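Colleague: Provide a 3D model corresponding to the input given below.
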Amino acid sequence: AALTVRFLTRRFIGEYGDMEFIYSHNLTVDGREILLHIWDVPNSQQAEEGSSEEKRIQWADSFVLVYSICDRASFNILPLKIQFIKAAKEGQSQEKVPIVIVGNKRDLHHQRVVSSEEGRLLALSLDCGFYEVSAAE
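Modeller: Have a look, this model is predicted:
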């Protein structure tokens with residue numbers, strides 16, 4: 001949630017509840033106006049592999065999966081998540097689904113437990129994009 005709000009408002013808010021939100025945002029890219037809809041799902045709700053998860057995957061055109069560089073468990077669930085997304089989306093068509101892995105909390109390097117290299121290698125092995133960022137900065 002912090003990363004989404006930072007992207008949309010350029011402000012950092014550190015504490016969020018465990019709620020799901022859909023944000024809408026206009027963005028200009030290459031001179032074209034684009035309307036983004038962002039379905040922000042807290043990590044605790046991402047763990048479900050049922051109909052809600054399937055509904056979210058079918059709704060979306062692309063995916064940004066965020067983990068904390070300070071939380072190994074949030075990183076370790078990514079391969080299964082990505083396999084689940086690809087099976088659901090790419091099984092229907094031959095098009096590659098856009099997925100980006102984002103390591104957040106880069107500013108907390110002293111608490112890091114997942115290296116940048118691990119993130120890059122995971123993204124490479126799963127054919128995803130990769131970034132490491134800090135919502136706070």
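
Colleague: pull the helix or strand with minimum mean pLDDT from this protein.
Modeller: Between all helices and strands in the chain, the lowest mean by mean pLDDT, DSSP states H and E belongs to helix 43-46, at a mean of 52.

Colleague: helix or strand right after it?
Modeller: Once helix 43-46 ends, the next helix or strand along the chain (criterion: DSSP states H and E) is helix 51-59.

Colleague: elements contacting the next helix or strand after that next one?
Modeller: Downstream of helix 51-59, the first helix or strand assigned by DSSP H and E is strand 63-68. With contacts taken as 3 or more C-beta pairs under 8 Å, 6 or more residues apart in numbering; DSSP states H and E, strand 63-68 sits against helix 72-76, helix 78-90, strand 99-104. Heads up, the C-betas are built off the backbone N, CA and C, glycines and all.

Colleague: closest one to Val5 among these?
Modeller: Closest of those to Val5 is strand 99-104, at 12.4 Å (criterion: C-beta to C-beta).

Colleague: off-centre distance for that closest one?
Modeller: Offset of strand 99-104 from its chain centre (C-alpha atoms, centre = their mean, to the nearest Å): 5 Å.

Colleague: partners of it in the sheet?
Modeller: strand 63-68 (parallel), strand 129-132 (parallel) (DSSP bridges).

Colleague: got a list of contacts for the longest one?
Modeller: Read that as strand 63-68. The contact list for strand 63-68, computed with C-beta atoms under 8 Å, 6 or more residues apart in numbering, reads 3, 57, 74-75, 77-78, 81-82, 85, 97-105, 114, 119.
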